[in-house]
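Asks: fold the following, please.
(2 chains)
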Amino acid sequence: MTLRKNVMSLLEVKDLKVRVEEREILHGLSLTVNPGEVHAIMGPNGSGKSTLSHVIAGKPGYEVTDGQILFRGEDLLEMEPNERAAKGVFLAFQYPVEIPGVTTWNFLHAALNAQRKARGEDEISSPAFLKKVREVARSLNIPQDMLKRGVNVGFSGGEKKRNEILQMALFEPAVCILDEMDSGLDIDALRIAADGVNALRSPERAMVVITHYQRLLNYIVPDFVHVMSKGRVVKSGGKELALELEESGYAQFEDAA
Amino acid sequence: MPAVQETVERVRRIDVDQYRYGFETLIESDKAPKGLSEDTVRFISAKKNEPAWMLEWRLEAFRRWLTMTEPTWARVNYPKIDYQDIYYYAAPKPKKTLSSIDEIDPEILKTYEKLGIPLREVAILEGVEPPPGGEPSANRKIAVDAVFDSVSVATTFQKELKKAGVIFMPISEAIREHPELVQKYLGSVVPTSDNYFATLNSAVFSDGSFVYVPPGVRCPMELSTYFRINERNTGQFERTLIIADKGSYVSYLEGCTAPQRDENQLHAAVVELVALDDAEIKYSTVQNWYPGNSEGKGGIYNFVTKRGDCRGKNSKISWTQVETGSAITWKYPSCILRGDNSSGEFYSIAISNGYQQVDSGTKMIHLGKNTSSRIISKGIAAGKSQNTYRGLVSAHRKATGARNYTACDSLLIGDKCGAHTVPYVEAKNSSATFEHEATTSKISEDVLFYCIQRGLSQEEAVGLVVNGFVKDVLQQLPMEFAVEAQKLISISLEGSVG
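Replies: Numbering: from 1, shown residues only, chains lettered A, B, ... in the order given. Have a look, this model is predicted:
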């Protein structure tokens, strides 16, 4: 792993301690992510993977007792979740919610304009937005019909994940956190979703891929793999670490934590 | 859809806990002595130069009212009303007899201007965009009857309507000018003995709108009445009567506001609709009476009886209401499906916040053969409010083939409010098909967080979710009202989360 000390990192998690109610879930976690990098975070259930993603995105209900999260050097924890979104933090949810009566295209338009406004940019008009979202959908092979339906209402597991990827493509975030993207997907749906993610890899954009299984990493090949156990990163390495895990399982790290 | 965007915009601009229509117009007014007696009834009748039969009708109602007691079955609580402590008639003092809109007291004109109600005969309502694919609104007209406290101060587009044969005028004028129509239909849907508040209204009603659409006529424009309570300690008792003769069609809109005051004010209106053979009436309400402050002080008691009679075969009556105001709402716009193949609809959005109490719903009474009805009710409760849907669907013995579909959805925002659904269903013949669906849901933290993670603020997120929830009903409103209603919904829910 190379450390570029003279360049400001995109996302820097420093010695993060997090409690939910009275229980500490993360006990001093550190992670540095630079532009263009894809990091995989692996670990057994309950190791704190999803907590990390929620805290980065600013979900209520978590208490940060110590440590820092810096985004381009700015204190992310001081920002409201919508400010973080406008700055370029995107969380692809493990379980995207349904919003009945609100069409996908409407939702995306409102969200994009909210982000643009927060950044001091002009709002995008309906016709211009429609053109843009159609182009993005086409580039990801997402049927136009999905845009007219209520947000995630009646979507299959695969469609929900593709909707997340569509949003990722549309908002062009600097860092994407993919929380258990593979959960609930069959192998074909997984491949389609992974293709979508790969299409969005770029030298400016970083990705943090959270997963329980190595399988996903066959499709989204990471630059770095971190193994979490009991609220800490217990081992970091290159993509080969994922394969190693696949063979030997998480048990060997239980003691390390 | 630009409307959603507009709502989001609006939410962004408006301060929390603000009722925009709470101002008072300072104007001299002519009032009846405080309190209620036969003399009050005579006073009102005399003020209106009513014929003897009308006074008799009122007095009969008043005598009946004395024998009645206030209903207590609704899920609402309020201190006892002192009916002797209310003014039953208040009218702006006219400087002279008016012959045109330009002679109306400028203070009143200003009031309506502030409220955004066009009393001048302008064709376009500001800020209204044409429906997608629809014609631009430049040619759309809305005729307005403006009721200020107890009297109608202006009715627009009368000449143009007259050309089409449509009568649209204050009911006080109709009593004098079209007594045959008024006598035939007044009280024929809501009899003077119907219920406590309707009976009170029959005795003391002061003004309201009268509409008659002759056979085969499609009313050339939307008709609307705008009710404004201004005077302190005054009850507003308006009476609306709409008759759609055979094969005619009319769409009618109603809006209401009142100044912001600490004491409660009573509003007890009666609306009667009559649809003859093959006629259709569409009645829409955006009710935004002052709801009281954030501690539950003040606000309007909205005790209203609205009923439509599908008297002829193949007739249709459709109620659409967006209720965001009033401290207490007690209101059940209903349809009597008397004519064979007639149909009734009720689309409702009832929003309560703060300490508001809403007990509202509908009755669909199936009397004729093959009658059908549809009820879509969306209740949204926030703050410490209580929101009840109360509905009755009944099919009488001879109402073979009656069909009803009911969907009642409630949405809770926060954990200190309540939503209640009280449906009554009675089928007296075996061929009736009644379907009832009900859901209660909460805006979940997960849904809000999802929206906020995508860049929306908390309030934008709530606005979006709520707009989605009420979409089915908003679509039923005429375009001009849909935009207005959407803004109102957002404003009513300001500060309800977090």
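
Asks: rest of the way, CA atoms for contacts and neighbours
Replies: Noted.

Asks: nearest spatial neighbour of residue 146, chain-adjacent residues omitted?
Replies: Assuming you mean chain A. A:Thr104 (7.2 Å; C-alpha to C-alpha, 6 or more residues apart in numbering or on different chains).

Asks: that answer is for a different chain, and I need it for chain B
Replies: Nearest to B:Ala146 is B:Tyr226, by C-alpha to C-alpha, 6+ apart, at 4.9 Å.

Asks: in the stretch 151-300 of chain B, which residue sits closest to chain A?
Replies: As assessed by C-alpha to the nearest C-alpha, chain A sits closest to B:Val286 within the stretch 151-300 of chain B, at 21.1 Å.

Asks: what does the host helix or strand of that residue contact?
Replies: Following DSSP states H and E, the helix or strand that holds B:Val286 is strand B:280-287. If you take C-alpha atoms under 8 Å, 6 or more residues apart in numbering or on different chains as the criterion, strand B:280-287 is touched by B:244, B:247-257, B:273, B:275, B:315-325, B:477, B:481, B:485.

Asks: mean confidence for it?
Replies: Across strand B:280-287, pLDDT averages out at 90.

Asks: list the strands paired with it, with their directions.
Replies: Applying DSSP bridges, strand B:280-287 is found paired with strand B:249-257 (parallel), strand B:316-323 (parallel).

Asks: now the longest one: how far from the chain's centre is it?
Replies: Here strand B:249-257 shows a centroid-to-chain-centroid distance of 8 Å under the convention C-alpha atoms, centre = their mean, to the nearest Å.

Asks: how close does A:Leu166 get to A:Thr104?
Replies: 10 Å (C-alpha to C-alpha, to the nearest Å).

Asks: brain fart, A:Lys131
Replies: To A:Thr104, A:Lys131 is 14 Å away according to C-alpha to C-alpha.

Asks: more neighbours: which of the two?
Replies: Set A:Lys131 next to A:Thr104 and count neighbours by other C-alpha atoms under 10 Å in any protein chain shown: A:Thr104 wins out with 22 against 10.

Asks: got the contact list for B:Gln453?
Replies: By C-alpha under 8 Å, 6+ apart, the contact set of B:Gln453 is A:57-58, A:81-82, A:84-85, A:90-91.

Asks: closest one of the residues you listed to B:Pro215?
Replies: Closest to B:Pro215 out of the contacts of B:Gln453 is A:Asn82 (57.5 Å), distances taken as C-alpha to C-alpha.

Asks: contact partners for the nearest residue to that closest one once chain neighbours are set aside?
Replies: Nearest residue to A:Asn82, sequence neighbours excluded (C-alpha to C-alpha, 6+ apart): B:Gly455, at 4.2 Å. Listed by C-alpha under 8 Å, 6+ apart, the contact set of B:Gly455 reads A:81-86, A:111-112, A:114-115.

Asks: go with 6 Å
Replies: A:82, A:85-86, A:111, A:114-115 (C-alpha atoms under 6 Å, 6 or more residues apart in numbering or on different chains).

Asks: tell me what the residue nearest to A:Ser50 when sequence neighbours are not counted is bridged to.
Replies: Leaving out its chain neighbours, the residue that sits closest to A:Ser50 by C-alpha to C-alpha, 6+ apart is A:Asp179, at 6.6 Å. Residues in a beta bridge with A:Asp179, per DSSP bridges, are A:Ile210.

Asks: pLDDT score for A:Asp179?
Replies: 94.

Asks: strands along the stretch 101-250 of chain A, start to end?
Replies: In the stretch 101-250 of chain A, the strands defined using DSSP state E, counting those that start in this stretch lie at A:150-151, A:175-179, A:206-211, A:224-229, A:232-237.

Asks: swap in the stretch 51-200 of chain B?
Replies: Using DSSP E, counting those that start in this stretch, strands in the stretch 51-200 of chain B cover B:90-92, B:142-148, B:151-155, B:167-170.

Asks: hey, least reliable of those strands by pLDDT?
Replies: Looking at the strands of the stretch 51-200 of chain B, the bottom one is strand B:151-155 with a mean of 63.

Asks: the residue nearest to A:Ser50 and A:Phe93, how far apart?
Replies: A:Asp179 is 6 Å from A:Phe93, by C-alpha to C-alpha.

Asks: between these two, which has more neighbouring residues?
Replies: A:Asp179 (24 against 20).

Asks: so the more buried one touches A:Ile210, yeah?
Replies: Yes. Under the criterion of C-alpha atoms under 6 Å, A:Asp179 makes contact with A:Ile210 at 5.0 Å.

Asks: coming back round to it: and the strands paired with strand B:280-287, which is most packed in?
Replies: Among the strands paired with strand B:280-287, the stretch with the highest mean neighbour count (mean count of other C-alpha atoms under 10 Å in any protein chain shown) is strand B:316-323, at a mean of 26.

Asks: after the biggest helix by length in chain B, next one along is what?
Replies: Longest helix in chain B by number of residues (criterion: DSSP state H): helix B:458-474. Counting by DSSP H and E, the element after helix B:458-474 in chain order, helix or strand, is helix B:479-492.

Asks: please save the CA atoms from that next one in PDB.
Replies: C-alpha atoms of helix B:479-492 as PDB (Å, rounded to 0.1, in the frame of the first residue of the first chain):
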ATOM      1  CA  MET B 479     -55.200  22.600 -11.800                       C
ATOM      2  CA  GLU B 480     -55.300  26.000 -10.100                       C
ATOM      3  CA  PHE B 481     -56.300  24.400  -6.800                       C
ATOM      4  CA  ALA B 482     -53.900  21.600  -7.000                       C
ATOM      5  CA  VAL B 483     -51.000  24.000  -7.000                       C
ATOM      6  CA  GLU B 484     -52.500  26.000  -4.200                       C
ATOM      7  CA  ALA B 485     -53.300  22.800  -2.200                       C
ATOM      8  CA  GLN B 486     -49.800  21.500  -2.600                       C
ATOM      9  CA  LYS B 487     -48.300  24.700  -1.200                       C
ATOM     10  CA  LEU B 488     -50.800  24.600   1.700                       C
ATOM     11  CA  ILE B 489     -49.900  21.000   2.500                       C
ATOM     12  CA  SER B 490     -46.200  21.900   2.800                       C
ATOM     13  CA  ILE B 491     -46.900  25.000   4.900                       C
ATOM     14  CA  SER B 492     -49.200  23.100   7.200                       C
END
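
Asks: how far off centre is it?
Replies: 15 Å.

Asks: stretch A:24-43 now?
Replies: Stretch A:24-43 has its C-alpha centroid displaced from the chain centroid by 11 Å (C-alpha atoms, centre = their mean).

Asks: surely A:Pro35 touches A:Ala206?
Replies: Yes. Using C-alpha under 6 Å, A:Pro35 is in contact with A:Ala206, at 5.0 Å.

Asks: who's more crowded, these two?
Replies: A:Ala206 (23 against 17).
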